[in-house]
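1. Need coordinates for the following:
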Amino acid sequence: MRYLALIYGDETVVLSDEEQQQVMVDYNAFGEEGGKAGVLGGGGEALQPTSTATTVRVRDGETVTTDGPFAETKEQLGGYYMFECKDLDQAIEWAAKIPGARTGSIEIRPVWEFPEQ
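-> Numbers count the residues shown, from 1 in each chain. The predicted structure is shown next:
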């Protein structure tokens, strides 16, 4: 089953150059481990800050855009991984290994699997 692991953190936290380098080392190690285990079923991607976001809504047939994210929160969506796991327990094990789980949170959502037509 596929699970989307959404990585949330506080994008206002400023890391030193050394801390940033260590975070990248940790993420690269996670990606390598997940790839070798066959768990990463799709690309993991980092997102630019919420200041670059645009929210799109259609109301009464009109497209309305707003600068910024959909909602203000303490933690912002910073990236994601797609997992291929046998069950939720395995997805939780892998989510706990994502470096961002140490300072933020990881939301796991099962992906709907629709029959091919």
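
2. pull the helix or strand with minimum mean pLDDT from this structure.
-> Here the helix or strand of the chain ranked lowest by mean pLDDT, DSSP states H and E is strand 40-46, holding a mean of 80.

3. Now do the next helix or strand after that strand: which elements does it pack against?
-> Per DSSP states H and E, the first helix or strand lying C-terminal to strand 40-46 is strand 54-59. Contacts defined by 3 or more Cβ pairs under 8 Å, 6 or more residues apart in numbering; DSSP states H and E place strand 54-59 against strand 62-67. In this view, the C-beta of every residue, glycine as well, is placed from N, C-alpha and C.

4. Would you tell me what the next helix or strand after the strand it packs on is?
-> strand 76-84.

5. helices or strands next to the least confident helix or strand of the chain in the packing?
-> Using 3+ Cβ pairs under 8 Å, 6+ apart: strand 40-46 touches helix 17-37, strand 76-84.

6. Pick out the residue nearest the middle of this protein.
-> Most central in the chain under Cα atoms, centre = their mean is residue 80, positioned 2.2 Å from the mean C-alpha point.

7. re the thing from before, CA atoms only for the least confident helix or strand of the chain, dumped as PDB, please.
-> Taking C-alpha atoms only, strand 40-46 is exported to PDB below (Å, rounded to 0.1, in the frame of the first residue of the first chain):
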ATOM      1  CA  LEU A  40      10.500   4.900  -1.300                       C
ATOM      2  CA  GLY A  41       7.800   4.400  -3.900                       C
ATOM      3  CA  GLY A  42       8.100   7.900  -5.400                       C
ATOM      4  CA  GLY A  43      10.300  10.900  -5.100                       C
ATOM      5  CA  GLY A  44      10.900  12.700  -1.900                       C
ATOM      6  CA  GLU A  45      10.900  16.500  -2.500                       C
ATOM      7  CA  ALA A  46      11.500  19.600  -0.500                       C
END
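
8. who touches that strand?
-> The contact list for strand 40-46 (Cβ atoms under 8 Å, 6 or more residues apart in numbering) reads 2, 27, 31, 34, 78-84.

9. how about 10 Å then?
-> 1-5, 7, 24, 27, 30-35, 78-85, 94, 98, 100, 111 (Cβ atoms under 10 Å, 6 or more residues apart in numbering).
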